[in-house]
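S.K.: just to be clear, the model below is a prediction. Sequence and coordinates:
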Amino acid sequence: MRVHFIAIGGSAMHNLAIALHQKGYQVTGSDDTIFEPSKSRLDRYGLLPAEFGWFPEKISSDLDAIILGMHAKGDNAELLKAQELGLKIYSYPEFLYEQSKNKTRVVIGGSHGKTTITSMILHVLHYHEKEVDYMVGAQLEGFDTMVHLTDENDFIVLEGDEYLSSPIDRRPKFHLYQPNIALVSGIAWDHINVFPTFDNYVDQFKVFMNSIVNGGALVYNEEDVEVKKLAELTENPIRKFPYTTPMYRVEDGDTLLDTPEGEMPIEIFGGHNLSNLAGAKWICQHMGIDEDDFYEAIASFKGASKRLEKIAESSNAVAYKDFAHSPSKVSATTKAVKEQYQNRKVIACLELHTYSSLNAEFLKEYEGALNSADEAVVFYSPHAVKIKQLDEVSESQIAQAFNRNDLVIYTDPEQFQHYLKQKDFTNSALLLMSSGNYGGLDFDEVKQLVED
């Protein structure tokens, strides 16, 4: 097959391009800019466009399919040419469904935890040499790409994102997969630029549960009120498997998980990650991995990339980087670090970087999110607010939203960096939470600060 990617440089898109190339497809693509690591990885496989930009002449009637990324706009010159020629245009999730409609589709959904749960499942399957197709939102240790597609594997494990499919398909991605086995980890309002009300956002998960094929299975977190309510109300004829956070305890900075064979030390920590583990165990059992084999494999799981990723450690200090930005993730991550390092000062630094987090109306959702930290810092860039064409957010609005009297707020990257450089990290745990980089923070410098 000949396939052309419009916006090939995206994190998910370039991985799909590589996966199809490895499967023997003829792959081409375009983008107006491509950043690392996508650029080097596409180049390694001979898929990097010769020049950046959109070129309608690349679109011809002998293409079997166009895969359209969210980065492209509705008036993209290549898209218009493809529509004019009547070519088959797929969104990313539509094409993944086409590739997997004869397989058992396992889809992991939820406002938080889906990347980690998908990563846990793949780690366990990889450990036991069980081959499956997959798509996950983070680079995993032992895996070359984030997407793997074959003709022969029976299962495909898909991370089910609730964000939109493409510029011309406004359905959430996870509505398109029609899972045989699905998991929902939690519901916490996010993506307010697309789902303007909480009820509207919750409805997307209702549709997802109803999209599970007849006789399929739903694994769900019954500790989440909204998830439990939807799972119990759905009239879809499916089997339901609730899970809860397993028993565990923290001793001298180690997390010990309660198992049928006794306590077992594990690499990950925090109640939210132990909950994720319980969901992953149910899914693995549905895929033929028994409980003992699951525990054996999960003991060596260190976490998904950018999810509570340890970046520095000395004898009396530690630093973590985390992708957390939504209120529920920030709260769970901060709480997890404090629980793990009860006798250390937890310094939590959050960058407000996304559309939702920089929205004046949404800010109030952050109340109490940093309460587990001993010292709390918020960084945001007024310039980023302008670029995103949002209403101006003031420091007082942020202070009021978090409802913490000692909250420190920075809007200047250099001032924030100076704050870190003059800090004594003795007997501390530093937590950097952002989907950005605090206006140009060098994380290698942070590593030196903590380890010196």
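M.R.: Great, that's in hand. Numbering: from 1, shown residues only.
S.K.: got any ranges where the stretch 301-450 of the chain has weak pLDDT?
M.R.: Low-confidence segments of the stretch 301-450 of the chain, defined by pLDDT under 70: 355, 384-385, 387-390.
S.K.: what are the ranges of the strands in it?
M.R.: 309-313, 317-322, 345-352, 375-380, 408-410, 428-433 (DSSP state E, counting those that start in this stretch).
S.K.: residue 222 is nearest to which of those?
M.R.: Closest of the strands of the stretch 301-450 of the chain to residue 222 is strand 317-322, at 25.5 Å (criterion: C-beta to C-beta). (Each C-beta comes from the backbone N, C-alpha and C, glycine too.)
S.K.: rounded mean pLDDT for stretch 230-246, please.
M.R.: Averaged across stretch 230-246, pLDDT comes to 97.
S.K.: what's the spacing between that stretch and its chain's center?
M.R.: On the basis of C-alpha atoms, centre = their mean, to the nearest Å, stretch 230-246 sits 23 Å off its chain's mean C-alpha point.
S.K.: of all the strands of the stretch 301-450 of the chain, which lies closest to residue 192?
M.R.: strand 345-352 (13.3 Å).
S.K.: and the contacts of that closest one?
M.R.: With contacts defined as C-beta atoms under 8 Å, 6 or more residues apart in numbering, strand 345-352 is touched by 324-325, 330, 334, 337-338, 358, 369-370, 372-380, 393, 398, 416, 420, 423, 425, 427-438.
S.K.: of those, buried ones?
M.R.: Buried members of these, counted by 16 or more other C-beta atoms under 10 Å: 324-325, 330, 334, 337-338, 358, 369-370, 372-373, 375-380, 393, 398, 416, 420, 425, 428-434, 436, 438.
S.K.: so how far is stretch 270-282 from its chain's centroid?
M.R.: For stretch 270-282, the distance to the chain centre is 15 Å (C-alpha atoms, centre = their mean).
S.K.: pretty sure residue 63 sits against residue 5.
M.R.: No. In this structure residue 63 lies outside contact range of residue 5 using C-beta atoms under 8 Å: 10.8 Å.
S.K.: who's more crowded, the two?
M.R.: residue 5 (29 against 18; other C-beta atoms under 10 Å).
S.K.: any idea how far that one is from residue 33?
M.R.: Residue 5 sits 14 Å away from residue 33, going by C-beta to C-beta, to the nearest Å.
S.K.: do the same with residue 100
M.R.: 30 Å.
S.K.: tell me which stretches of the stretch 301-450 of the chain form helices.
M.R.: 327-340, 382-387, 395-402, 413-421, 443-451 (DSSP state H, counting those that start in this stretch).
S.K.: just the ones you listed: most buried one?
M.R.: Counting by mean count of other C-beta atoms under 10 Å, helix 327-340 has the highest mean neighbour count of those, with a mean of 22.
S.K.: okay, it in CSV with CA atoms only?
M.R.: Taking Å, rounded to 0.1, in the frame of the first residue of the first chain, the C-alpha atoms of helix 327-340 are listed here in CSV:
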residue,chain,number,x,y,z
PRO,A,327,-5.7,19.1,38.6
SER,A,328,-6.3,15.4,39.4
LYS,A,329,-2.9,14.3,38.1
VAL,A,330,-1.1,17.1,39.9
SER,A,331,-2.8,16.2,43.2
ALA,A,332,-2.2,12.5,42.8
THR,A,333,1.5,12.9,41.8
THR,A,334,2.3,15.4,44.6
LYS,A,335,0.6,13.1,47.2
ALA,A,336,2.5,10.1,45.9
VAL,A,337,5.9,11.8,46.3
LYS,A,338,5.1,13.0,49.8
GLU,A,339,3.9,9.5,50.8
GLN,A,340,7.1,8.0,49.4
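S.K.: between it and helix 395-402, how many degrees?
M.R.: 70 degrees (axes from the mean of the first three to the mean of the last three C-alpha atoms, to 10 degrees).
S.K.: so what angle separates the directions of helix 327-340 and strand 375-380?
M.R.: Using the same axes, to 10 degrees: helix 327-340 against strand 375-380 is 150 degrees.
S.K.: what helix or strand is residue 12 located in?
M.R.: In the assignment (DSSP states H and E), residue 12 maps to helix 11-22.
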